[in-house]
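Colleague: A structural model of the following input is requested.
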Amino acid sequence: MTALQKEVLRIAFFALALTVFLSSVSSGVVLNFVMMALYAALLAQAWNILGGYGGQFSFGHALFFGTGAYMQAIAQMQGGLNPWLALPLSALASAGVGLFVGALSFRYGLKGSYFALVTLAFAEVFRIVALSVPFTGAGVGLMVPLREGFANMQFGSRRGYAFLILALVVLALSVSCWLQHSRFGAYLQAVRDNEDAARASGVNPFRIKLGAIALSGAFMGAGGAFYVQVFQYLDPGIAYGSHTSVEALVGAIVGGMGTLWGPVLGALALHALADLTRNLFGQLPGINMVIYGTVLVLMIMFAPRGLSGAGKSLRSLWKGRSP
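Modeller: Here you go, the predicted model:
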């Protein structure tokens, strides 16, 4: 059995196990936890496509999240479009924004901290624009009407939303699996490791990075569309706020960048930690961001491979300290 077939089986088992679990559990608290953990995993997986496999660190992935979220809301409220049809349009809109930002950034060779700051700046520009134009609701925001039913992608319980986000996560895992075993993915990782050597080998880094940012933006936009359907409210602060970018990048880094299951592990661990700290220190605003920052620093210092490679990191640390 090839490595690709093994990964496909793992993804299928993951989907089947969670489907059985979601079908059997009745606790609303548990369903909500699983739903939000999978939502965080989707954002982390989206960031991982560009930041992990492509090596292009972004501090402004909320740019794609907000674009997808607004497209989902506006398509329903002002365009009269069915939410199921609006969802792929949201992903396409975010991919288009990714192509636009990538074309401007990669054309001029921006990478590293410069690219990270450019994405952060674009997210802030889009937030200011959303605060000013009427079709986004400006500072008031948009409230999606409640029309409960499968046809309107509004479910009576968290179980329906959990199945929806599970499908999106499985799709993101499948794309990441393809990246690990496809020629495009090999080119992308070659550009990440050494862009000059990849170019000398005949790879076009500009096109490869454009494809990666479009894929990453599409999944981030799908996450934004999902958010709108669940919470039915959106404003510029939610859409383009830095907290979404932080959640995406920290989940991927903590779990393990450039790995298939790392973002899922990181999102699960961070969401469990966030719930725990919220219950213990709920009266302290912003404590979850403090915890995220602390965990990120500790992971970079002692387990740079993330949770998925914690065993190797600990062995390396032990060998480094041994005589």
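Colleague: just the helices in this protein please.
Modeller: Counting by DSSP state H, the chain has these helices, from start to end: 3-24, 28-51, 62-77, 83-107, 113-132, 158-181, 183-193, 195-200, 205-231, 236-240, 242-255, 262-280, 287-302, 310-321.
Colleague: for Leu142, find the nearest of these.
Modeller: If you check each of the helices of the chain against Leu142 by CB to CB, helix 62-77 wins as the nearest, at 4.7 Å. (Glycine included, C-beta is placed from N, CA and C.)
Colleague: nearest to Met143, of the helices of the chain?
Modeller: Between those, helix 62-77 lies closest to Met143; by CB to CB that is 8.6 Å.
Colleague: for Pro145, which of the helices of the chain is the nearest?
Modeller: helix 62-77 (7.3 Å).
Colleague: against which helices or strands is that closest one packed?
Modeller: In terms of contacts (3 or more CB pairs under 8 Å, 6 or more residues apart in numbering; DSSP states H and E), helix 62-77 is packed against helix 83-107, helix 113-132, strand 142-143, helix 205-231, strand 233-234, helix 236-240, helix 242-255.
Colleague: thought Val264 was touching Ala41?
Modeller: Yes - using CB atoms under 8 Å, Val264 is in contact with Ala41, at 4.6 Å.
Colleague: on that earlier part again, okay, the helices and strands packed on helix 62-77 in CSV with distance to Ala46, mean neighbour count and mean pLDDT next?
Modeller: Listed next are the helices and strands packed on helix 62-77 as CSV, based on distance: least, CB to CB, whole Å; neighbours: other CB atoms under 10 Å; pLDDT from 0 to 100:
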stretch, distance to Ala46, mean neighbour count, mean pLDDT
helix 83-107, 9, 20, 96
helix 113-132, 13, 18, 94
strand 142-143, 23, 18, 93
helix 205-231, 4, 25, 96
strand 233-234, 18, 19, 94
helix 236-240, 15, 23, 94
helix 242-255, 6, 25, 91
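Colleague: now the ones you listed in a markdown table, with distance to Ala75?
Modeller: Shown next, in a markdown table, are these (distance: least, CB to CB, whole Å):
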| stretch | distance to Ala75 |
| --- | --- |
| helix 83-107 | 4 |
| helix 113-132 | 16 |
| strand 142-143 | 11 |
| helix 205-231 | 9 |
| strand 233-234 | 12 |
| helix 236-240 | 15 |
| helix 242-255 | 20 |
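Colleague: list the contacts for Leu87?
Modeller: Gln72, Met153, Ala222, Ala225 (CB atoms under 8 Å, 6 or more residues apart in numbering).
Colleague: now the first one: how far from Leu168?
Modeller: Translated: Gln72. According to CB to CB, to the nearest Å, Gln72 stands 13 Å off from Leu168.
Colleague: please say which of those two ends up with more neighbours.
Modeller: Taking other CB atoms under 10 Å, Gln72 and Leu168 do not tie; Gln72 has more neighbours (30 against 22).
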